[in-house]
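*Asks:* This is a predicted model, with the sequence first.
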Amino acid sequence: MALPKLLTDDGGPEMPVSTPPTTPTSPAAAPTLVVVGHGMVGQRFLEALAERGLTGTAGTARVVVLCEEPRAAYDRVQLTSYFAGTTPEDLSLVEHGFMERHGFELRLGDPAVSVDRTARTVTARSGEVFAYDTLVLATGSYPFVPPVPGKDSTGCFVYRTIEDLLAIEEYAKNATTGAVVGGGLLGLEAAGALKGLGLETHVVEFAPRLMPVQVDEGGGAALLRTIEDMGLSVHTGVGTQEVTAGENGAVTGMALSDGSSLATDLVVFSAGVRPRDQLARDCGLAVGERGGIVVDEECRTSDPAVFAIGECALASDGRVYGLVAPGYEMALTAAEVITGEKAAFTGADLSTKLKLLGVDVASFGDAHGTADGCLDVVYSDARSGVYKKLVVAADGTLLGGVLVGDADQYGTLRPMTGTVLPVAPEQLVLPAGAGGPVALGPSSLPDEAVICSCHNVTKGAICEHTTLPEVKKCTKAGTGCGSCVKVIGQLLPQSQDAGLCGCFAYTRSELYEIVRTLGITSYADLLDSHGREEARGGDGCEVCKPTVGSVIASLAPTVGASGYVLDGEQAALQDTNDHFLANLQRNGSYSIVPRIPGGEITPDKLIVIGEVARDFGLYTKITGGQRIDLFGARVDQLPLIWTRLVDAGFESGHAYGKSLRTVKSCVGQTWCRYGVQDSVKMAIDLELRYRGLRAPHKLKSAVSGCARECAEARGKDFGIIATAGGWNLYVGGNGGATPRHADLLAQDLSDAELVRLIDRFLMFYIRTADRLERTSAWLERIEGGLEHVRDVVVHDSLGLCDELERLMADHVRGYRDEWAETINDPERLRRFVTFVNAPDAPDPSVKFVPERDQVKPDLDILAGPVLAIRTLEGTAS
Amino acid sequence: MTTQTLETAQDTRSIRLAAGDGWLTVCDRSLLTPGRGVAALLPDGRQVALFLDRAGRTYAIDNRDPFTGAYVLSRGLVGSDGGQPFVASPLLKQRFDLATGACLDDDEVSVPVFEVRAD
């Protein structure tokens, strides 16, 4: 009788958890569970205990967790995202207050050093000894470092913990070249991290291809080309023989098995992991020949009081699993067995989907086609780096597959493994336009199909819920590797409520159609006629007011509304930026950006900007859009500043609006020896044409005079690159937090063709995009994507083009400079005071202190109690 | 319901704020636009944000945004939720109940409320 209180192996099921005592049991009576290791699997195990009521708080057990690392469990799968700005706190897997709420005793930085199975005690490094009734080993794995000479030189690292990453980041500051030993999954992650740190990066892989475990030869080749195109050097089929070091002991290079050598300042070993089974070996538990603590289907080791789960365990099917999903399954199995349920872990599949260096790589099921009589269906496009292989049985049953370069179908294909495909397999691998891919959505999956393989959640279980947060909370689906989140989104009721906000059940584009067809020019009329029942007659909200204001402004000439955004009722709809025609900054002051079309400006106008900034004490900075931003103006100063600017020939730059910002340009053919067109003139023409155009979000553009692309046009909403025969138009580019290169819409256009196409493209975007949806997100969201947009604006498939062009012509004709209109109208000027009862008093809270010969906000004057600041969507600077 | 601008244009009532022992006349009611706010300066240096909602009711809360320290709440947009009027801070968009000053996004934060009347 190994575990009298917890286990039911004597056939007399006494389940303490199903009937928790109403009064807390004395601690002495509750059994003690010691968990060694607090990684992803250890944490999942604790969650499973909590779900089953086996906690310190419930008085059903004392649970002690010994953790070697200085921090609680974090998402090791997303480790590399640390280099993209994710903080260790973001990576944490432990919900705030979890340990306290369940009375779990977590001891950070205090690993177990020995186990006495006879006395049933664990000794921690701190010297403290814990008696246990049940012991759970979740010690994970350690990186395998091949036994080559020089492997311990300064500058050699492994890639496993946040501390490893911090050390690599620090060392890389003084390095120019880095090499990764191992071209598997983690090796490529590490290579991406080195590249991101600015190092010239090499990958050395002993096998003849990258990611030998997950992908086949064709997939490896597609991956290799794409990764080499990114500037990484890949050496396959060679081993590392020695790491060479200088006199100071620091790495200088590597000697390879083909006789060549590689100069490098830093080496990261990522040649696989090995189970951490030393603790188990030392206490005499059975371990496998090649490592791993031997466990049975219940995850029990050779000692029935000891369990092992995750990467340290050698499962009953003879495998050590290095993926998180099987580890989670083992955690669940062990928790179920310990609380007296029946459970077994008999093995798991090795399906994975990752984004490595920005390349999608996925494999599932029998990816290598080892089953008898199976057939491969392969599509391979070396040019675009796409490789897709499906393995099917003779009767059409899907057995597995490999997807490289485009793994969008992973979410639907993996759950279909083991079933007969509803369509011919070639239709699933061919690209659009070549007979595929057919729209095989998740709706075609059976209810029992597993959607989240990390937490083993079926489609049926997901469909019991209606929102993603609810699904995550109740089923845990989507909280592991995250690759299924997209499919979950498609399974949920297509938001019975896709409405803009609490006031309108319509989307922005639906409201656009309503305003356009009914000619509505008043927000109040729209709210009372088309708002949600409960919102009619009310005051609306800060989400729909500016949105409707923008829609009415976009359509103003067409529906007969005033185009001036400060007029009449529209004045109350605008965010403060549009209201004061300037950009609100953190201390309540505003910044001013005069329009400088195409970035071209005369010396005289530059001098005026300088004089105005000097006279009003403004901080000046050159913007990324080839303009000049003037910071630190009080509201009462705005009209005075603009009077000077308008006199000198400047007009509003609309930096405050969801509207066209700038059209950048390179200097072009006029001056540059490489230029093939006058990019500056085109940029000026386009900026003047689209200035003031209100859109769902801001719009940016650029024109490059040749293929060298110095204006960075492909990072813009619409970008133009000169060719010998005219202009190429690219759309849907973006910089910022989610960079995206713009896609080619049409090429070799004449000036007139170019303008006509942009007119149509912009108006189609304005008409159909959601609130605050940039062209890049819009292009990826709308059905049919770029092809559909091309059909509509180039081939006029919807017969809309005449109307789109007419709407733009109305806009161009109706444009007026908002600032010139404002300073000439005493009624409009009245709002530019800080205090309604003291129009001449400046705002005492807007003060400045000197910094680097200019000014900066005096924040001391604003200081009060410190509060946590929550950032909300839509807070543009 | 698009006639409010006409009504307010002919409004000759004054907005008064409770200050010290008496009432401080701040401005003509016609200077307020429904759905927007203005700031007023009290003799003791405090700043008040004054609002007019669509139904013509007036509200006054402290002008300081407690999340950023900036004196900007008067520049936020007015809305209503279930008949309760609120203003959304123009900086980070937290909502504040105009009648009680309570922050609707954070139970532990609120701003002072001032008595106001229009007569």
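*Replies:* Nice, I can see it.
*Asks:* CA atoms for contacts and neighbours, from now on please.
*Replies:* Noted.
*Asks:* Would you mind listing what in chain B touches chain A?
*Replies:* Within chain B, the positions lying close to chain A (Cα under 8 Å from any Cα of the partner chain) are B:1-2, B:5, B:26-27, B:33-36, B:38-41, B:53-54, B:66-72, B:75-83, B:85, B:88, B:90-93.
*Asks:* Would you mind checking those for buried ones?
*Replies:* Neighbour-count burial (16 or more other Cα atoms under 10 Å in any protein chain shown) applied to the residues of chain B next to chain A gives B:26-27, B:33-36, B:38-41, B:53-54, B:66-72, B:75-81, B:85, B:88, B:90-93.
*Asks:* helix/strand/coil for the residue of chain B found nearest chain A?
*Replies:* Nearest to chain A in chain B, going by Cα to the nearest Cα, is residue B:79, at a distance of 4.0 Å. Following DSSP: H, G, I helix; E, B strand; the rest coil, the label given to residue B:79 is strand.
*Asks:* What is the three-state secondary structure of residue A:664?
*Replies:* With three-state DSSP as the criterion, residue A:664 reads strand.
*Asks:* got the contact list for it?
*Replies:* A:597, A:598, A:599, A:625, A:626, A:683, A:701, A:702, A:703, A:711 (Cα atoms under 8 Å, 6 or more residues apart in numbering or on different chains).
*Asks:* helices and strands of chain B: which one bottoms out on pLDDT?
*Replies:* Ranked by mean pLDDT, DSSP states H and E, the weakest helix or strand in chain B is helix B:4-9, scoring a mean of 42.
*Asks:* Mind checking what helix or strand follows that helix in sequence?
*Replies:* strand B:14-19 (DSSP states H and E).
*Asks:* Please identify the buried residues of that following strand?
*Replies:* In strand B:14-19, counting by 16+ other Cα under 10 Å, buried: B:14, B:15, B:16, B:17.
*Asks:* Just list what the helix or strand following it packs against, helices and strands only.
*Replies:* Once the chain leaves strand B:14-19, the next helix or strand it forms, by DSSP H and E, is strand B:22-28. Where contact means 3 or more Cα pairs under 8 Å, 6 or more residues apart in numbering or on different chains; DSSP states H and E, strand B:22-28 is packed against strand B:14-19.
*Asks:* for the strand it packs on, packing partners?
*Replies:* Applying 3+ Cα pairs under 8 Å, 6+ apart, we find strand B:14-19 packed against strand B:22-28, strand B:116-118.
*Asks:* Deepest in the core, which of these is it.
*Replies:* strand B:116-118 (a mean of 18; mean count of other Cα atoms under 10 Å in any protein chain shown).
*Asks:* Spatially nearest residue to residue B:115 (excluding sequence neighbours)?
*Replies:* Excluding its sequence neighbours, the residue lying closest to residue B:115 (Cα to Cα, 6 or more residues apart in numbering or on different chains) is residue B:18, at 5.4 Å.
*Asks:* Quick check: beta-bridge partners of the one you found?
*Replies:* Beta bridges link residue B:18 to residue B:23 when assigned by DSSP bridges.
*Asks:* so it touches residue B:61, yeah?
*Replies:* No. Residue B:18 is beyond contact range of residue B:61, at 11.7 Å (criterion: Cα atoms under 8 Å).
*Asks:* overlap in contacts of these two?
*Replies:* residue B:114.
*Asks:* Surely residue A:136 touches residue A:38?
*Replies:* No. Checked against Cα under 8 Å, the pair residue A:136 and residue A:38 is beyond contact range at 10.8 Å.
*Asks:* higher neighbour count, the two?
*Replies:* residue A:38 (28 against 25; other Cα atoms under 10 Å in any protein chain shown).
*Asks:* tell me the SS of that one?
*Replies:* The three-state assignment at residue A:38 reads coil, by three-state DSSP.
*Asks:* list the contacts for it?
*Replies:* A:65, A:66, A:67, A:68, A:72, A:73, A:138, A:139.
*Asks:* for residue A:410, same thing?
*Replies:* Contacts of residue A:410 by Cα under 8 Å, 6+ apart are A:353, A:362, A:403.
*Asks:* what residues are up against residue A:597?
*Replies:* Residues near residue A:597 by Cα under 8 Å, 6+ apart: A:662, A:663, A:664, A:683, A:684, A:687, A:688.
*Asks:* how about a cut-off of 10 Å?
*Replies:* A:625-627, A:653, A:661-665, A:680-681, A:683-688, A:691 (Cα atoms under 10 Å, 6 or more residues apart in numbering or on different chains).
*Asks:* Only whichever of these are buried, select them in PyMOL.
*Replies:* What follows is the PyMOL syntax selecting those of the contacts of residue A:597 that are buried according to 16+ other Cα under 10 Å:
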select buried, chain A and resi 625+626+627+653+661+662+663+664+665+680+681+683+684+686+687+688+691
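*Asks:* just checking, which of the contacts of residue A:597 belong to strands?
*Replies:* Among those, DSSP state E puts A:661, A:662, A:663, A:664, A:665 in strands.
*Asks:* I'd like those written out as JSON lines, with pLDDT added.
*Replies:* Putting these into JSON lines (pLDDT from 0 to 100) gives the following:
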{"residue": "A:661", "pLDDT": "95"}
{"residue": "A:662", "pLDDT": "96"}
{"residue": "A:663", "pLDDT": "97"}
{"residue": "A:664", "pLDDT": "97"}
{"residue": "A:665", "pLDDT": "97"}
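*Asks:* Including distance to residue A:61, could these go into JSON lines?
*Replies:* Converted to JSON lines, these look like this (distance: Cα to Cα, whole Å):
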{"residue": "A:661", "distance to residue A:61": "62"}
{"residue": "A:662", "distance to residue A:61": "65"}
{"residue": "A:663", "distance to residue A:61": "66"}
{"residue": "A:664", "distance to residue A:61": "66"}
{"residue": "A:665", "distance to residue A:61": "69"}
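*Asks:* isn't residue A:579 right next to residue B:75, touching?
*Replies:* Yes. Here residue A:579 lies in contact with residue B:75, judged by Cα atoms under 10 Å, at a distance of 8.8 Å.
*Asks:* Check chain A for the residue nearest chain B and tell me.
*Replies:* Chain B sits closest to residue A:541 of chain A, with a gap of 4.0 Å, by Cα to the nearest Cα.
*Asks:* Residue nearest the middle of chain A, spatially speaking?
*Replies:* Nearest residue to the geometric centre of chain A (Cα atoms, centre = their mean): residue A:738, 7.9 Å.
*Asks:* show me the contacts for that one.
*Replies:* A:776, A:777.
*Asks:* Then residue A:835?
*Replies:* A:636, A:841-843, B:26, B:38-42, B:47-49, B:74 are the contacts of residue A:835 under Cα under 10 Å, 6+ apart.
*Asks:* what's the pLDDT at residue A:795?
*Replies:* pLDDT for residue A:795: 91.
*Asks:* That one - how many residues pack around it?
*Replies:* 12.
*Asks:* Just say helix, strand or coil for it.
*Replies:* Relying on three-state DSSP, one would call residue A:795 coil.
*Asks:* would you put the C-alpha positions of stretch B:12-32 in CSV?
*Replies:* Only the C-alpha atoms of stretch B:12-32 are listed here, as CSV (Å, rounded to 0.1, in the frame of the first residue of the first chain):
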residue,chain,number,x,y,z
THR,B,12,-29.1,83.0,-22.2
ARG,B,13,-28.8,81.0,-19.0
SER,B,14,-25.5,81.1,-17.1
ILE,B,15,-23.4,78.1,-15.9
ARG,B,16,-22.6,78.4,-12.2
LEU,B,17,-20.2,76.3,-10.1
ALA,B,18,-20.3,75.8,-6.4
ALA,B,19,-17.2,77.5,-5.1
GLY,B,20,-16.5,78.3,-1.4
ASP,B,21,-19.7,79.6,0.2
GLY,B,22,-21.4,80.7,-3.0
TRP,B,23,-21.8,80.1,-6.7
LEU,B,24,-19.2,81.2,-9.3
THR,B,25,-20.6,82.3,-12.6
VAL,B,26,-18.5,80.6,-15.3
CYS,B,27,-20.0,81.4,-18.7
ASP,B,28,-23.1,81.5,-20.8
ARG,B,29,-24.6,78.1,-21.4
SER,B,30,-24.5,78.8,-25.1
LEU,B,31,-20.7,78.5,-25.0
LEU,B,32,-21.1,74.8,-24.4
